[in-house]
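1. Following is a predicted model, sequence given first.
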Amino acid sequence: MAVYQIVFSPTGGAKKVSDLFTTSFCSKSVYIDLTDRSSDFSLCSFHPEDVCIISVPSYGGRVPAIAISRLSQMKGNGAAAILIVVYGNRAYDDTFAELQDILTECGFTCIAGIAAIAEHSIMHQYASGRPNLQDGKQLAVFAETIRSKMKSGTLSAHLELPGNRPYREYNGVPMKPQTEKSCTHCGLCAKACPVGAIPMDDPSKTDTKTCISCMRCITICPQKARNVSKVLLAAGSIKLKKVCSDNKKNELFLP
């Protein structure tokens, strides 16, 4: 049995959650980065005895479209899939339903689901500092529970996860990263952009039609030269204040 850690995590939140869970679940795993646009994901073909821990953030209650596109190229061949949906303290809505549907279509056997909290990728005051120590302990318990049930053979393929079909509509967010004069044109953001929305020959620009507002360029810029509109950020923060201010908990879903 091989364990694969398959992650789409532009700003690191989903990866932190995935790392905490995976290190408790097994001692060794193979990492597959879904943000790497240079990878040929059609080469990812698994075996029935493999376990794939698949972690994605929830964007407006949906799986990021580029993550769906890359996952859909993989061949599950009956491999067990543990679904981890990470969200910034608002809600995950139909993310589980969409992720389960695409993985099932690709031949994976979905055996467990985890909803986990991470710091909001745009409005950092929501779920600030999460996943924290307590989250790590809880994810370790989840890992042990799933591993024990797999060992005892008590997990089935009849996993019911929350979500609606058809999925809720998601048209992205209006906040697109802007570049300040402090940009040194190092090109790090252009290389790391999951969708290639930043031109290598002029990394101070952003193709707003291609950009998915994942905020990776803001996170990794060594000069802190990228940001979003403060007016839009303030408006978005106010809009989410009511639904994001309470401290939501991680959840485990089993058949």
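-> Looks like it came in fine.

2. which element is F96 on?
-> Secondary structure from DSSP states H and E places F96 in helix 95-105.

3. Check which helices and strands the helix or strand just after that helix sits against.
-> Using DSSP H and E, the helix or strand that follows helix 95-105 in sequence is strand 109-117. The contact analysis (3 or more C-beta pairs under 8 Å, 6 or more residues apart in numbering; DSSP states H and E) places strand 109-117 against helix 13-25, strand 80-87, helix 95-105, helix 133-152, strand 251-253. Quick note: C-beta positions are derived from backbone N, CA and C, even for glycine.

4. how many other residues sit next to F21?
-> 27 (other C-beta atoms under 10 Å).

5. Spell out which helix or strand contains the residue in the chain sticking out farthest from the centre, please.
-> Distance to the chain centre peaks in the chain at K181, reaching 30.9 Å (criterion: C-alpha atoms, centre = their mean). Assigned by DSSP H and E, K181 belongs to no helix or strand.

6. what is the mean pLDDT for the helix holding F96?
-> For helix 95-105, mean pLDDT rounds to 98.

7. Quickly note the distance from the closest residue to Y167 other than its chain neighbours to G236.
-> Leaving aside its chain neighbours, Y167 sits nearest to D94 (4.1 Å; criterion: C-beta to C-beta, 6 or more residues apart in numbering). Plainly put, D94 is 21 Å away from G236 if you go by C-beta to C-beta, to the nearest Å.

8. Tell me which of these two has more neighbours.
-> More crowded of D94 and G236, by other C-beta under 10 Å: D94, with 24 against 18.
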